[in-house]
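Asks: Fold the following for me, if possible:
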Amino acid sequence: MSNAPFEMTREELEAIHEKFREVKHDINNTLAVIMALSELAQRNPAHYEKLAKAVLTRGPNVVQMLQDFQTMLSAKLKDGPPGPSAPLSGVF
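Replies: Coordinates of the predicted model:
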């Protein structure tokens, strides 16, 4: 990383803030679904399949959103174009 002075416009900061809000909202929604299905599965084992499906489909999406956000922030800090995001590991 460079020791050059860091500058960011208000518009760039607002764009980062908006992206952060979107990521936070999506993570919150994903966790709410998983928590609700977990409670249902405790009461009725038939919901375990829905829970597993939600975790397996929504989990990687959350990881990808976080990686994309990290790439965007890194690009702003390095003042360069974003590089390719890391492949999903399948581990949450």
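
Asks: Low-confidence regions, this protein specifically.
Replies: The chain contains residues with pLDDT under 70 at 1-2, 79-92.

Asks: Against N44, how distant is A36?
Replies: Distance, A36 to N44, by Cβ to Cβ, to the nearest Å: 13 Å. All C-beta atoms are positioned from the backbone trio N, CA, C, and that covers glycine.

Asks: out of the two, which sits in the more crowded spot?
Replies: Each of A36 and N44 has its neighbours counted (other Cβ atoms under 10 Å); A36 has more, 14 against 9.

Asks: which residues touch the more buried one?
Replies: Neighbouring residues of A36 by Cβ atoms under 8 Å, 6 or more residues apart in numbering: there are none.

Asks: can you tell me the helix or strand for it?
Replies: A36 is part of helix 10-43 when elements are defined by DSSP states H and E.

Asks: again, but for Q70
Replies: Residue-wise, Q70 maps onto helix 48-78 under DSSP H and E.

Asks: List the buried residues for that helix?
Replies: Residues L51, A54, V55, R58, G59, V62, V63, M65, F69, M72, K76 are the ones in helix 48-78 that count as buried (16 or more other Cβ atoms under 10 Å).

Asks: quick check, nearest of these to D26?
Replies: Relative to D26, the closest of the buried residues of helix 48-78 is M65; by Cβ to Cβ it sits at 5.8 Å.

Asks: nearest residue to the closest one other than its sequence neighbours?
Replies: Closest residue to M65 apart from its sequence neighbours, by Cβ to Cβ, 6 or more residues apart in numbering: V23 at 5.0 Å.

Asks: ok, now which ones touch the one you found?
Replies: By Cβ under 8 Å, 6+ apart, V23 lies in contact with M65, L66, F69.

Asks: Now for the second one: which residues touch it?
Replies: For L66, the residues meeting the contact criterion (Cβ under 8 Å, 6+ apart) are V23, I27.

Asks: One more pass at 7 Å, please.
Replies: Contacts for L66 were tallied using Cβ atoms under 7 Å, 6 or more residues apart in numbering; they are V23.
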